[in-house]
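Q: Give me a model of this one.
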Amino acid sequence: MGSNSPPPSRAALEPFATLDPAALAGLPPSSPLTVRSAAVSAQHLYIGTGGGKLLLFTLQSQPQSPPEFLRLLPIPLLSRPVRRLGSLRNVSAVAASDDRSSLALSVGKKLLLLHLTLNDADELEVQTREIAAVVDAVKALAWVGDSVFVATASGYSLFSTTNTAQGLIDIFTLPESTRPPRVKPLSGGDEIMLLVDNVGVVVGRSGHPIGSSFVFNTAPDCIAEVFPYVVVAGDSKVDVYRRRNGAHLQAIPFARAATGALIVASEDAGTGSDVIVVATAYKVFCYRKVSAVEQIKALLRTKSYGEAISLLKEFEDDGEISKDMISFVHAQLGFLLFFDLRFEDAVNHFLLSETMQPAEIFPFIMRDPNRWSDLVPRKHYWGLHAPPKPLEEVIDDGLVTLQQALFLKKAGVDTVVDEDFLSNPPSRADLLELAIRNIIRYLCASREKELSSAEMEGVDTLLMYLYRALDLVADMEKLASSQNSCVVEELESLLDDSGHLRTLAFLYGSKGMCSKSLGIWRILARNYSTGLWKNHASLSETDSLETSVGKMSGEEIAAIEASKILQASSDQDLVLEHLGWVADIDQELATAILTSETREKQLSPEMVVAAIDPEKVGIHQRYLQWLIEEQGCEEPHYHTSYALSLSKSAMDAVHSESNYGDKNNKEFDSDMQFIYLLREKLQLFLQASDLYDPEEVLDVISESELWLEKAILYRKMGQENIVLQILALKLEDSEAAEQYCAEIGRDDAYIQLLDLYLDPKNGKEPMFTAAVRLLHNHGESLDPLQVLERLSADMPLQLASNTILRMLRARVHHHRQGQIVHNLSRATNLDAKLTRLEERSRHVQLTDESICDSCRARLGTKLFVMYPDDSVVCYRCYRNQGDSASGRGRNFSNGAIFKQSWLVSR
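A: Predicted coordinates:
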């Protein structure tokens with residue numbers, strides 16, 4: 001409720017001492033000292049008097065200690081003698097360089113540059129050089145960096161001391177009726193103020209305008225700077241301006257003196273000291289900068305929140321206030337605004353404070369003592385607001401203050417209460433809701449910070465309190481279902497009594513209290529229709545199923561949430577306890593629970609199968625399918641159970657479809673598609689698995705029309721004839737029957753199939769077309785005699801004549817081809833025998849010099865052996881190395897020797 005309108009001025013400077021130079025110097029009242037100048041340098045204050053005396057003071061380091069008078073120094077008693085430069089007369093202005101080793105002087109219409117050097121004999125050497133000529137008399141000079149600024153009656157200019165060839169560079173000219181120009185370096189020489197009447201133009205070292213210009217109330221007589229302020233004296237007052245934007249901050253009036261003007265002085269750099277001196281003709285007043293903290297505190301005392309915030313931003317930009325203090329001020333502002341019922345602005349400042357702890361908000365929500373009372377830090381701030389107390393009391397006290405302000409306003413008394421509150425006073429309920437919503441906003445932001453476990457428990461638990469207070473069910477459930485630090489003991493009875501059972505179920509689930517959570521979901525699912533559970537919230541955001549929540553019933557949502565818990569639970573008893581009611585609502589969810597792979601330990605298949613309701617055939621089948629296909633179960637019992645279950649379902653579906661009655665075409669097509677997919681699943685399983693009992697399955701489907709399934713089962717049992725009967729006669733699938741014969745791999749299988757085609761029995765007509773197809777495809781490999789024996793006399797000759805003729809020709813061809821191959825083989829064999837005989841009867845001549853190709857010994861009269869590669873070895877070496885390797889190292893097992901034989905050469 002505080003006002004945002006800034007006051008006309010604020011205390012940027014505060015007095016801390018008043019000096020009487022004559023009294024301090026011990027002079028009688030009849031001999032007063034007239035102050036003509038003042039200077040501050042290196043913690044010393046210098047006061048120059050009209051009588052040629054210099055008073056020296058020391059500035060104390062303590063903030064409120066007055067300057068201490070040291071001594072009175074007559075000018076002739078200075079430590080060094082004064083050297084007079086006789087050649088320089090009529091000097092109108094002087095400026096010194098930064099290192100004080102050079103001077104710029106104006107003599108008449110000339111600008112001179114003096115270089116001062118102190119030699120080894122302690123004598124001062126002076127070098128003089130003329131650097132420029134000016135048109136008008138120079139009124140002021142200022143040496144900044146490498147540039148000398150020159151002020152004349154006609155305008156401002158500058159010249160460079162490093163590049164004197166450029167001469168004077170004009171900055172701007174002055175109107176004719178202006179006051180004398182003045183040049184004032186600012187900010188340690190980085191900026192210069194050029195005065196034009198009551199306007200101060202700030203330029204850089206190059207002479208270009210920078211920053212904000214100053215518009216003074218009157219033309220200043222004297223200018224000083226104490227960062228970040230510019231202080232000007234004139235018209236019997238001292239004005240303080242903000243350096244950054246030129247805003248007027250403070251006016252300090254002084255009694256109009258009979259003689260002389262006000263003098264203001266500070267340290268030349270403008271940034272090294274907090275002291276500024278204001279001197280009248282006979283008095284010296286010492287002022288010190290008011291600290292940033294004190295200025296902000298003063299504004300907050302008067303509830304000038306807007307001005308305080310602006311000032312804080314200025315101090316932050318200027319670097320005059322620490323980061324921790326900025327956070328402290330934001331927190332202090334937040335509390336003041338909170339007690340003034342400006343909750344949104346208060347929380348905005350709370351969020352800007354990096355040092356404020358969430359526990360500081362707890363007393364507004366829960367009355368002390370409570371679980372988190374010890375966490376609340378005992379910060380005193382500046383004592384500008386009352387201690388935190390419950391929201392209701394804060395609002396009640398604020399409304400009382402508002403009523404008092406309304407009464408005072410009617411009585412014509414000004415108050416600090418915001419006009420918006422007075423013109424449109426809010427209701428208590430609106431204020432309470434606004435306060436809770438903004439505290440919720442702060443606590444939600446606090447959840448992103450790194451807090452201790454106790455602080456996090458307090459934040460989340462109290463956040464749930466506030467959600468419940470506004471009946472924000474969606475937010476309650478979102479918090480409860482996500483990872484949170486809520487204390488269940490603090491919320492159980494609260495949520496139960498208020499009927500927020502969904503939130504309580506989510507909370508139990510997030511804390512691992514699965515049994516309690518599932519118990520609530522079970523109650524909600526069963527009692528939804530009675531109105532116990534209002535469906536005013538949707539599913540939690542985590543693990544949302546691909547189903548539109550808006551189209552779900554309450555029971556379905558309860559089942560979905562329960563299934564999330566059950567899918568992750570390894571507690572077998574708990575899962576099987578709640579499986580039934582979930583399956584009653586949605587069998588897909590029940591299947592997902594049983595087949596979940598997110599749990600650490602899988603459930604016992606035996607217990608699961610026993611717990612599944614026999615009427616829930618779909619759950620039973622999908623679980624067994626998952627157990628066999630996904631888990632690789634090889635128990636014959638489960639394979640047989642799965643096959644039996646699929647078989648029964650297929651039989652039921654076929655039987656139901658045979659009595660489809662009045663179904664339309666769309667429904668009929670849908671049912672046929674279902675039957676096709678179901679039978680396909682059964683057939684694939686019967687073909688793929690070898691672990692089920694085919695006889696047991698066959699007993700179940702023996703009376704049905706599932707002929708292909710029967711064929712698969714008989715095939716598993718090795719009943720080839722029955723399989724061929726089913727494929728050829730029941731299904732009339734000639735291609736499948738022939739394929740099965742090919743898998744058997746015997747010619748008699750085709751003969752058996754031919755018998756079935758020609759003599760199907762049971763009054764069925766012979767299948768001559770199928771028989772001809774069989775002979776056409778595989779007749780060449782069959783025995784013609786067997787085929788002719790089985791051909792029926794009733795079979796039309798024109799159907800099989802071409803096929804039988806081709807069979808006979810192929811048979812003759814195969815016979816002759818076999819004879820050719822037989823004779824060729826005999827010739828090859830005879831040739832090989834002849835060649836072997838020739839090799840064995842070959843003569844070899846040996847001499848006394850002949851040696852063994854293996855051991856290199858002379859053969860002489862020894863028994864020897866000759867290999868096909870013509871190598872000769874002694875008999876002993878032959879016995880050692882055998883027939884496979886010659887004496888020359890050739891291995892006949894890996895590389896045979898081919899020689900021209902009788903068959904090849906002839």
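Q: Beyond the one helix or strand I192 maps to, next helix or strand please.
A: Per DSSP states H and E: I192 is located in strand 191-196. Sequence-wise, the next helix or strand downstream of strand 191-196 (DSSP H and E) is strand 199-203.
Q: Following the top helix by length along the chain in sequence, what is the next regular element?
A: For the chain, the helix with the greatest residue count under DSSP state H is helix 797-840. Later in the chain than helix 797-840, the nearest helix or strand by DSSP H and E is strand 864-866.
Q: For that following strand, give the mean pLDDT please.
A: Mean pLDDT, strand 864-866: 86.
Q: re earlier: in its sheet, which strands sit next to the strand holding I192, and in what direction?
A: Next to strand 191-196 in the sheet, as set by DSSP bridges, lie strand 182-186 (antiparallel), strand 199-203 (antiparallel).
Q: averaging pLDDT over each of these, which comes out lowest?
A: strand 182-186 (a mean of 88).
Q: That strand: how far from the chain's middle?
A: 53 Å (C-alpha atoms, centre = their mean, to the nearest Å).
Q: What of stretch 144-157?
A: For stretch 144-157, the distance to the chain centre is 58 Å (C-alpha atoms, centre = their mean).
Q: what about it, how long is it end to end?
A: 13 Å (C-alpha to C-alpha, to the nearest Å).
Q: Report the contact partners of G234.
A: Contacts for G234 (C-beta atoms under 8 Å, 6 or more residues apart in numbering) come out as 216, 218-222, 261-262. To be clear about C-beta, it is placed using only N, CA and C from the backbone, and glycine gets the same treatment.
Q: Point out where the stretch 551-700 of the chain drops to low pLDDT.
A: For the stretch 551-700 of the chain, the stretches with pLDDT under 70 are 551, 659-663.
Q: How much space separates P377 from A359?
A: Per C-beta to C-beta, to the nearest Å, P377 is found 6 Å from A359.
Q: Looking at these two, which is more packed in?
A: A count of neighbours by other C-beta atoms under 10 Å puts A359 above the other of P377 and A359, at 21 against 9.
Q: Can you verify my assumption that that one contacts K379?
A: No. With contact defined as C-beta atoms under 8 Å, A359 does not reach K379; the gap is 10.4 Å.
Q: Which segments of the chain make up each domain?
A: 357-376+386-500, 576-659+667-801, 846-905 (the TED database).
Q: export these to JSON lines and tack on distance to F172?
A: As requested, these are exported to JSON lines (distance: least, C-beta to C-beta, whole Å):
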{"stretch": "domain 357-376+386-500", "distance to F172": "46"}
{"stretch": "domain 576-659+667-801", "distance to F172": "80"}
{"stretch": "domain 846-905", "distance to F172": "109"}
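Q: Of all these, which one is nearest H44?
A: domain 357-376+386-500 (44.1 Å; C-beta to C-beta).
Q: what is the mean pLDDT for that closest one?
A: Per-residue scores along domain 357-376+386-500 average to 90.
Q: quick revisit: most tightly surrounded among the strands paired with strand 191-196?
A: For those, the largest average neighbour count (mean count of other C-beta atoms under 10 Å) is found in strand 182-186, namely a mean of 22.
Q: ok, and what's touching it?
A: Residues outside strand 182-186 that contact it (C-beta under 8 Å, 6+ apart): 139-142, 144, 149, 151, 156, 191-195, 200, 202, 220, 223, 225, 230, 243, 268, 270.
Q: List the contacts of stretch 860-880.
A: Under the criterion C-beta under 8 Å, 6+ apart, residues 839, 842, 844, 846, 848, 850, 852-855, 857, 859, 881, 886-888, 890, 892, 897, 899 lie in contact with stretch 860-880.
Q: so how far is the helix or strand hosting Y750 off the chain centroid?
A: For Y750, the host element (DSSP H and E) is helix 747-758. Counting by C-alpha atoms, centre = their mean, helix 747-758 is centred 73 Å from the centre of its parent chain.
Q: buried ones in that helix?
A: Of all the residues in helix 747-758, those buried under the rule 16 or more other C-beta atoms under 10 Å are 749-754, 756-758.
Q: Please apply the same query to stretch 336-345.
A: 336-343, 345.
Q: What is the nearest of those to I820?
A: Among the buried residues of stretch 336-345, F343 lies closest to I820 (C-beta to C-beta), at 110.7 Å.
Q: give me the low-pLDDT residue ranges for the stretch 751-900 of the chain?
A: 779-781, 783-785, 788-808, 810, 896-900.
Q: can you do 90?
A: Filtered on pLDDT under 90, the stretch 751-900 of the chain yields the residue ranges 751-850, 853-873, 875-876, 878-900.
Q: how many neighbours does the spatially closest residue to R243 that is not a sequence neighbour have?
A: Once flanking residues are discounted, R243 sits nearest to P228: 4.4 Å by C-beta to C-beta, 6 or more residues apart in numbering. P228: 21 surrounding residues under other C-beta under 10 Å.
Q: quick revisit: would you reformat the buried residues of stretch 336-345 as TSV and include distance to V394 and pLDDT?
A: Shown next, in TSV, are those (distance: C-beta to C-beta, whole Å; pLDDT from 0 to 100):
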residue	distance to V394	pLDDT
L336	12	94
L337	12	94
F338	7	95
F339	6	93
D340	10	91
L341	8	92
R342	12	92
F343	9	95
D345	15	95
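Q: Spell out the secondary structure type for E320.
A: Three-state assignment for E320 (DSSP: H, G, I helix; E, B strand; the rest coil): coil.
Q: That one reaches V226, doesn't it?
A: No. E320 is beyond contact range of V226, at 12.0 Å (criterion: C-beta under 8 Å).
Q: Make TSV out of the buried residues of stretch 336-345 and add distance to V183.
A: Shown next, in TSV, are the buried residues of stretch 336-345 (distance: C-beta to C-beta, whole Å):
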residue	distance to V183
L336	45
L337	46
F338	51
F339	51
D340	48
L341	53
R342	48
F343	53
D345	45
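Q: Just to be sure, which of these are found in helices?
A: Among these, the members falling in helices are 336-339, 343, 345 (criterion: DSSP H).
Q: wait, which of those residues is closest to L594?
A: F343 (51.7 Å).
Q: if I look at the closest one, how far off is S553?
A: 40 Å.
Q: what does K109 give?
A: K109 is 102 Å from S553, by C-beta to C-beta.
Q: cool, and N527?
A: The value you get for N527 to S553, if C-beta to C-beta is used, is 13 Å.
Q: Return every residue with contacts to both of the two.
A: Joint contacts of N527 and S553 (C-beta under 8 Å, 6+ apart) do not exist.
Q: Now A95. Its backbone dihedrals?
A: Torsion angles at A95 (phi, psi; degrees, to the nearest 10) stand at phi -140, psi 140.
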